[in-house]
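In: here's a sequence, model it:
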Amino acid sequence: MTTFVLVPGFWLGAWAWQGVTTALRSAGHTVFPLSLTGLADRSHLASPDLDLDTHIGDITNLLTFEDLRDVVLVGHSGSGAAVTGAADRAADRIGRVVYVDSGPVPSGTAQIDLTGREGLEATVTDGWRYPFPAWEALADSGASIEGLGPRERELMSARATDQPLGTITQPLSLTGAFDKLPKTLISCSFSPDQVKTMIDSGHPFFAALSGPEWELLFLPTGHWPMLSRPADLADLLAGAG
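Out: Numbers count the residues shown, from 1 in each chain. Below is the predicted model:
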């Protein structure tokens, strides 16, 4: 059986992984869904001082204090930078890194450099709160909402919390320990052919995925598969690698 640590993307918390967590635990796996500092059930800790190092520390501290080893570390969407940083700092505890409609952030790069500054900074409130966008804005940004019915949209709108801006704008610093770890991409918004084309063209989202340590999987749905197809996502995670 496998130990999973599940890290949600922007605005979400451990609650978003409930369907995946239930399915994996029913199959006998050990699962730690994580809410990062300042979000969801940890939103009372939100402050303008939070940055990427805070979220990397959330993950590495969980690995250390639960004494987790040979972990499958799963990152969704905007948690790509935090997951990459944590895997680099605690590489000896990681068996595989899985990116769910996400990807690694290169050293010296901030998450905002990949997701784009245009439009984001204009929506920030209090100088540091990045609120959950309207559904129309999400669709316009290219984040597919396929598979999200009224129930899932209502749930996300009700439970989404502001993303601290510092967690998006602080550049990531890597040591190189991350490079040789086994990695999996579960692509939901792009087909396998699209992913391969963007890898070959050096697209910044996918340029790093060409190495032999990468496994490419596909789950056709929208950008939030833990809500639109949780059981299928759990099956892919259980079989990754």
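In: any chance you could map the strands in the protein?
Out: Ranges of strands in the chain, per DSSP state E, are 3-7, 30-33, 71-76, 94-100, 129-130, 163-164, 183-187, 214-218.
In: now those strands as a markdown table including mean pLDDT and mean neighbour count?
Out: (Each C-beta comes from the backbone N, C-alpha and C, glycine too.) Shown next, in a markdown table, are those (pLDDT from 0 to 100; neighbours: other C-beta atoms under 10 Å):
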| stretch | mean pLDDT | mean neighbour count |
| --- | --- | --- |
| strand 3-7 | 98 | 24 |
| strand 30-33 | 98 | 19 |
| strand 71-76 | 98 | 27 |
| strand 94-100 | 98 | 24 |
| strand 129-130 | 96 | 19 |
| strand 163-164 | 97 | 26 |
| strand 183-187 | 96 | 23 |
| strand 214-218 | 94 | 16 |
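In: how about JSON lines for those strands, with distance to residue 15 added?
Out: Listed next are the strands of the chain as JSON lines, based on distance: least, C-beta to C-beta, whole Å:
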{"stretch": "strand 3-7", "distance to residue 15": "11"}
{"stretch": "strand 30-33", "distance to residue 15": "8"}
{"stretch": "strand 71-76", "distance to residue 15": "13"}
{"stretch": "strand 94-100", "distance to residue 15": "16"}
{"stretch": "strand 129-130", "distance to residue 15": "19"}
{"stretch": "strand 163-164", "distance to residue 15": "15"}
{"stretch": "strand 183-187", "distance to residue 15": "20"}
{"stretch": "strand 214-218", "distance to residue 15": "24"}
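In: quick one: closest of those to residue 20.
Out: Nearest to residue 20, of all the strands of the chain, is strand 3-7, at 6.6 Å by C-beta to C-beta.
In: for residue 35, see how far away the residue lying closest to residue 208 once chain neighbours are set aside is.
Out: Distance criterion C-beta to C-beta, 6 or more residues apart in numbering; nearest residue to residue 208, sequence neighbours excluded, is residue 104 at 5.3 Å. Applying C-beta to C-beta, to the nearest Å, the value for residue 104 to residue 35 is 22 Å.
In: again, but for residue 127
Out: Noted for residue 127: a distance of 23 Å to residue 35, by C-beta to C-beta.
In: if you count surrounding residues, which of those two has more?
Out: Shown here are residue 127 and residue 35; by other C-beta atoms under 10 Å, residue 35 has more neighbours (21 against 7).
In: I'd like the distance from the more buried one to residue 115, if you could.
Out: Using C-beta to C-beta, we find residue 35 at a distance of 21 Å from residue 115.
In: and the lengthiest helix in the chain, which residues are buried?
Out: Criterion DSSP state H: the longest helix present in the chain is helix 52-65. By 16 or more other C-beta atoms under 10 Å, the buried positions in helix 52-65 come out as 52, 53, 54, 55, 56, 57, 58, 59, 60, 62, 63.
In: same check on stretch 220-230?
Out: Quick answer for stretch 220-230 (16+ other C-beta under 10 Å): 221, 222, 223, 224, 225, 226, 227, 228, 229, 230.
In: mind giving me JSON lines with these and columns for pLDDT?
Out: Formatted as JSON lines, the buried residues of stretch 220-230 follow (pLDDT from 0 to 100):
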{"residue": "221", "pLDDT": "96"}
{"residue": "222", "pLDDT": "95"}
{"residue": "223", "pLDDT": "96"}
{"residue": "224", "pLDDT": "97"}
{"residue": "225", "pLDDT": "98"}
{"residue": "226", "pLDDT": "98"}
{"residue": "227", "pLDDT": "98"}
{"residue": "228", "pLDDT": "98"}
{"residue": "229", "pLDDT": "98"}
{"residue": "230", "pLDDT": "98"}
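In: in helices, which of those residues appear?
Out: Cross-referencing those against helices under DSSP H gives 225, 226, 227, 228, 230.
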